[in-house]
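In: my questions are about this predicted structure, shown below with the sequence.
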There are 2 protein chains.
Amino acid sequence: MKLYSYFRSSASYRVRIALNLKNLPYDYMPVHMLRDGGEQFQAEYRKLNPDAVVPTLVDDGDVLQQSLAIIEYLDETHPLPPLLPASPSDRAYVRSVALQIACEIHPLNNLRVLKYLKKTLGLSEEAKNAWYRHWIESGFAALETHLAGDTRTGALCFGDTPTLADACLVPQVFNAQRFEIDLSAFPTLQRIYAHASQLDAFARAAPSAQPDAE
Amino acid sequence: MKLYSYFRSSASYRVRIALNLKNLPYDYMPVHMLRDGGEQFQAEYRKLNPDAVVPTLVDDGDVLQQSLAIIEYLDETHPLPPLLPASPSDRAYVRSVALQIACEIHPLNNLRVLKYLKKTLGLSEEAKNAWYRHWIESGFAALETHLAGDTRTGALCFGDTPTLADACLVPQVFNAQRFEIDLSAFPTLQRIYAHASQLDAFARAAPSAQPDAE
């Protein structure tokens, strides 16, 4: 398998975690999102990913986009260890945590949105950072309530075993820390992050551990 | 089952389509997102949905959030007709189309983002509409390339049978039309939309057909 990835991309980070949890070896294909106006926009890469985003997974001729679709694919093709629980209701719960991050928080703060705010709307660095903080803080507040209030939460998002939800949470908390956001209002998220990021599969997926890390 | 929904919410619209495709009856629980400062923010509703968004599905005591997690749940608990194809690679393809809409287009144009642009950033109506158009047009361009270039595309996103991808595409094209966006550059999307929106399950899920339609 080949994973087209950028070390700092949190969607790539999610898939790296899943690949590591499944113990699947892969070739790391770096796509530098800032160099030469963004390598993701080059024609060659857009054949694999028309949306010009990372990650893309190429497996035996299949070209797969979108991190959550890729992780579900890995879970279906390599079922052990499972990244989703057994019952439909628990699966929906884990997916809802993952999607709350992937749909409500992350899309507002990705590179192309921050670029639009700065270049097209002419926002100051301060206003751009306030935007970033706003979506992290409001999204994390909802997530904290959700996780702290559910008996299924353990050392990780769902009990003590890593799932799709942790593969989304860890990159998002990592990002928030990088932007120096105060996380003291989110003790459950901090606790899960601290626990998960020490597990080998998560540590090996961290941005600083990637071949294209700067 | 009870579906907490707002007639204009495209995430609710997706779930209504899925429920109709499965022929599942449900109680429609309207959540008016604009009345009284937004009924989604009321304490009673936030117990069901800490993120204060619609939809929420309540099924036999299970409280489920996030439209895509809810649709996967319905597909697991009521397998016929399936809303995802059989092979992992095709399932990933259908999910990637759905997620491209749910993660790359829709989150940038939902109500709370448009509010932030207007109230917090003080954007003009014109700049706000340009933002809206930008994310629809760039997202649709990628999706058009993706769907037009894949042999799996038929009368609908995946062959001729409705899937999760169509349940996401139809509400997004509906929204684009409501905002009078020129869709002539996206013939495949237009064609799939025209076909799907005439199917009974999609027609009954349309905003104008809901009990809370205005």
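Out: Perfect, I can see it now. Numbers count the residues shown, from 1 in each chain, chains lettered A, B, ... in the order given.
In: check the gap between the most far-flung residue of chain A relative to its centre and chain B for me.
Out: Distance from the C-alpha centroid of chain A peaks at A:G122, with 27.7 Å (C-alpha atoms, centre = their mean). Between A:G122 and chain B the computed distance is 10 Å (C-beta to the nearest C-beta, to the nearest Å). No exception for glycine: its C-beta is placed from N, CA and C like everyone else's.
In: how's chain A carved up into domains?
Out: Domain segmentation of chain A under automatic domain parsing yields A:2-81, A:88-202.
In: what helix or strand is A:A201 located in?
Out: Element membership of A:A201 [criterion: DSSP states H and E] is helix A:200-205.
In: what residues of that helix count as buried?
Out: A:A201, A:F202, A:A205 (16 or more other C-beta atoms under 10 Å in any protein chain shown).
In: quick one: contacts of that helix?
Out: A:Y13, A:R16, A:I17, A:L19, A:N20, A:L21, A:P162, A:D166, A:V170, A:A196, A:S197, A:A209 (C-beta atoms under 8 Å, 6 or more residues apart in numbering or on different chains).
In: can we see that at 7 Å?
Out: Residues from elsewhere that reach helix A:200-205 (C-beta atoms under 7 Å, 6 or more residues apart in numbering or on different chains): A:Y13, A:R16, A:I17, A:N20, A:L21, A:P162, A:V170, A:A196, A:S197, A:A209.
In: counting only helices, which of those make the cut?
Out: By the criterion of DSSP state H, membership of those in helices covers A:Y13, A:R16, A:I17, A:N20, A:L21, A:V170, A:A196.
In: what does chain A put close to chain B?
Out: A:50-51, A:62, A:64-66, A:68-70, A:72-73, A:76-77, A:88-89, A:91-92, A:95-96, A:99-100, A:102-104, A:107-108, A:113, A:116, A:121, A:127, A:134, A:142, A:145-146 (C-beta under 7 Å from any C-beta of the partner chain).
In: okay, and which of the residues you listed map to strands?
Out: Among the residues of chain A next to chain B, the ones falling in strands (DSSP state E) are A:D62, A:L64, A:Q65.
In: right, and the last one touches A:T56 too?
Out: Spelled out, it's A:Q65. Yes: counting by C-beta atoms under 7 Å, A:T56 is a contact partner of A:Q65 at 5.7 Å.
In: quick check, pLDDT for A:A92.
Out: If you check A:A92, the pLDDT there is 98.
In: need the pLDDT of the closest residue to it other than its chain neighbours.
Out: In this structure, A:A92 finds its nearest non-sequential neighbour in B:Y73, 4.0 Å apart by C-beta to C-beta, 6 or more residues apart in numbering or on different chains. pLDDT for B:Y73: 98.
In: tally of neighbours for B:Y73?
Out: Neighbours of B:Y73 under the rule other C-beta atoms under 10 Å in any protein chain shown: 24.
In: got a list of what A:V170 touches?
Out: A:I17, A:Y193, A:A196, A:S197, A:F202.
In: ok, the closest residue to A:D59 other than its chain neighbours - contacts?
Out: Distances taken as C-beta to C-beta, 6+ apart place A:M1 nearest to A:D59, at 4.8 Å, with adjacent residues excluded. Counting by C-beta under 7 Å, 6+ apart, A:M1 makes contact with A:L24, A:Y26, A:L57, A:V58, A:D59.
In: please look at the second one and A:L3 and confirm they touch.
Out: In other words, A:Y26. Yes: if you go by C-beta under 7 Å, A:Y26 and A:L3 touch, sitting 4.9 Å apart.
In: between the two, what contacts are shared?
Out: By C-beta under 7 Å, 6+ apart, the residues touching both A:Y26 and A:L3 are A:L19.
In: neighbour count winner among those two?
Out: Remark: of A:Y26 and A:L3, A:L3 carries more neighbours, 22 against 16, as counted by other C-beta under 10 Å.
In: packing partners of the strand or helix carrying that one?
Out: Assigned by DSSP H and E, A:L3 falls within strand A:2-5. Helices and strands touching strand A:2-5, by 3 or more C-beta pairs under 7 Å, 6 or more residues apart in numbering or on different chains; DSSP states H and E, are helix A:10-21, strand A:27-30, strand A:56-59.
In: of all these, which lies closest to A:E39?
Out: With C-beta to C-beta as the measure, strand A:27-30 is the member of the helices and strands packed on strand A:2-5 nearest A:E39 (8.1 Å).
In: if anything else comes up later, I'll come back, but that's it for now.
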